[in-house]
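>>> Provided below are the primary sequence and the corresponding predicted coordinates.
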Amino acid sequence: MKLVWCPEVASKAYIDGVRALAGRDDLAGSAEVAELVAAMAGGWNAQLVVEAPDVSSAQSSSSPPATSLALAAAARRTGGRYARVLPEGDTSAGDIGSQADADAGAEPSAVVVGDADEAMARLDGVDLLVIDARRRDAAAVLRAARPGARGMVVVRHGDGRRRGAAASMAAGTRLVRSVFLPIGKGVEVLHVGVGKGPSLHSRGGTNGRWIRHVNHDTGEEHVFRRQ
């Protein structure tokens with residue numbers, strides 16, 4: 001099995017995300033990034049969407065992250081589960097998240113509190129992981145993520161580094177595609193595959209039998225089998 005893109009559901013989830021953000025000027029983060037991840041959740045028909053927001057900025061502004069509203073709405077569209085991962089001691093951010101769920105008209109999201117290994121171990125089979133790079137344990141969350149049987153899409157946003165997520169994934173993770181999008185402060189998107197095959201981790205993307213190509217205009221990377 002593998003993740004298969006559905007343009008129709010992506011469009012509907014995108015619209016749901018836009019509606020969830022409409023008329024709100026009190027949200028933390030980029031509305032463009034929020035709308036993007038909503039479309040991704042719908043397009044990949046994500047059944048487990050996990051968000052690791054930067055709760056420190058949300059708490060300081062007492063406003064929910066825009067991504068939380070959009071993802072909650074998108075999860076309702078796909079009929080999937082939406083979970084928010086919070087560091088130990090940041091339970092007050094759960095109140096902000098609960099308000100985000102209510103504002104999006106979604107069922108209350110699961111809130112998992114604890115260190116990265118403990119929290120992600122309780123969320124097996126992630127289809128879409130959205131993580132704010134400004135979060136202090138962002139790298140640990142990425143390493144502890146447990147992909148679903150169809151693979152996983154990782155969206156890392158917030159600091160503009162092109163290879164931040166790829167460099168933080170656990171050893172042995174099969175990265176089949178990577179792209180950097182100039183949205184907000186920059187969005188890195190990774191496709192984590194399942195089974196055997198080439199990986200962008202393999203000696204910089206090539207092991208003698210594979211050729212790595214980078215589109216320097218878009219930042220997108222592809223791996224091709226050498227004939």
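Right, received. Where do you want to start?
>>> give the contact list for Pro87.
By CB atoms under 8 Å, 6 or more residues apart in numbering, the contact set of Pro87 is Val55, Val113, Gly114, Asp115, Arg135, Arg136, Asp137. For the C-beta atoms, the positions are set from N, CA and C on the backbone; glycine is no exception.
>>> How much space separates the fourth one from Ser63?
Applying CB to CB, to the nearest Å, one obtains 26 Å for the distance of Asp115 from Ser63.
>>> try the last one
Counting by CB to CB, the gap between Asp137 and Ser63 amounts to 22 Å.
>>> and if you look at the second one?
In this structure, Val113 lies at 20 Å from Ser63, with CB to CB as the measure.
>>> Equivalent analysis for the fifth one, please.
From Arg135 across to Ser63, the span is 17 Å (CB to CB).
>>> The two: which is more packed in?
Arg135 (23 against 18; other CB atoms under 10 Å).
>>> Need phi/psi at the nearest residue to that one once chain neighbours are set aside.
Excluding its sequence neighbours, the residue lying closest to Arg135 (CB to CB, 6 or more residues apart in numbering) is Asp54, at 4.7 Å. With angles defined as degrees, to the nearest 10, Asp54 sits at phi -90, psi 90.
>>> burial of Asp54, as a residue count?
Other residues lying near Asp54 total 22 when counted by other CB under 10 Å.
>>> show me the contacts for it.
Pro65, Asp132, Arg134, Arg135, Gly158.
>>> what about 7 Å?
Neighbour list for Asp54: Asp132, Arg134, Arg135, Gly158 [criterion: CB atoms under 7 Å, 6 or more residues apart in numbering].
>>> Okay, it and Val141: tell me how far apart.
Plainly put, Asp54 is 11 Å away from Val141 if you go by CB to CB.
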